[in-house]
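Participant: Generate a structure from the sequence data that follows.
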Amino acid sequence: MLDLRLNLPGKRAPCFLFIGAHCDDIEIGCGGTIMELLRRYPKARIHWVVLSSNSKRASEARMGARLILGAATRPTVTIKDFRESYFPSEVPSLKGFFEELKPIAPDVVFSHYGQDLHQDHRVVSELTWNTFRNHMILEYEIPKYDGGLGSPSFFVPVPPAVMRKKVAVLMKAFPTQTTKHWFSPDTFQGLMRLRGIESNAPGGYAEAFYVRKLVLGGPGA
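Facilitator: Numbers count the residues shown, from 1 in each chain. The predicted structure is shown next:
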């Protein structure tokens, strides 16, 4: 298994941008990866953006971000109120907001899978690629009633302790979602176990991503 480390210029702290259509998407899709990135890059600049929320769910989203990010150095958490389930008709307003994200100049953007069966997720993925045209983008997956899980090719091993923390955060931070039959500890643990098997992860668990474009630079690149 090839260990790809970020090749950042000037030994500066990296900048990561996490984008989620809904309040729990980032935690579900890449919560374990975030904790692993912060372990490796404790001074990383973090921008966490949730696009759809209401007053009740916004408090859940902030709790989820706080629990996942832990002692991250001054993360920026933004919660917007675009209309959930109507993103295809909200594209002009969403595009305007995405343009406001450009100055962040992230090293890596985490966003939704482009072929996700949820319409909001697909729109977010399209706008991510439309806005960040010269950036590394990792597309995360969300298990749900609609199905649509595929065969990702980019894996981040997640230690068992991190897996357990991610699941605990989801259960604690998002009580409004626990009535959904798929929103359960075994769903999240099971998917990470499956991806761990596929990637031969040392601890048995992993999160997986889709990569449309990946450039490997040589020495001095």
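
Participant: alpha carbons only for contacts and neighbour counts from here, please
Facilitator: Will do.

Participant: Excluding chain neighbours, give the residue nearest to Thr176 in space.
Facilitator: Nearest residue to Thr176, sequence neighbours excluded (Cα to Cα, 6 or more residues apart in numbering): Arg57, at 7.8 Å.

Participant: and Glu100, how many residues sit next to it?
Facilitator: By the criterion of other Cα atoms under 10 Å, Glu100 has 11 neighbours.

Participant: what does Ala58 give?
Facilitator: 19.

Participant: How about the contacts made by it?
Facilitator: Ala58 is in contact with 23, 79, counting by Cα atoms under 8 Å, 6 or more residues apart in numbering.

Participant: what about it, distance to Thr78?
Facilitator: 10 Å (Cα to Cα, to the nearest Å).

Participant: returning to that earlier point: in what helix or strand does the residue nearest to Thr176 lie?
Facilitator: In this structure, Arg57 sits in helix 55-69 according to DSSP states H and E.

Participant: after that helix comes which helix or strand?
Facilitator: According to DSSP H and E, the helix or strand after helix 55-69 is strand 76-79.

Participant: What helix or strand is the closest residue to Met163 other than its chain neighbours located in?
Facilitator: Nearest non-adjacent residue to Met163, counting by Cα to Cα, 6+ apart: Gly32, 6.3 Å away. Using DSSP H and E, Gly32 sits in helix 25-40.

Participant: so what does that helix touch, helix or strand wise?
Facilitator: Applying 3 or more Cα pairs under 8 Å, 6 or more residues apart in numbering; DSSP states H and E, one finds that helix 25-40 contacts strand 15-20, helix 55-69, helix 160-173, strand 206-210.

Participant: ok, and which of these has the densest surroundings?
Facilitator: Most buried of those by mean neighbour count (mean count of other Cα atoms under 10 Å) is strand 206-210; its value is a mean of 25.

Participant: That's all I had, so thanks and see you.
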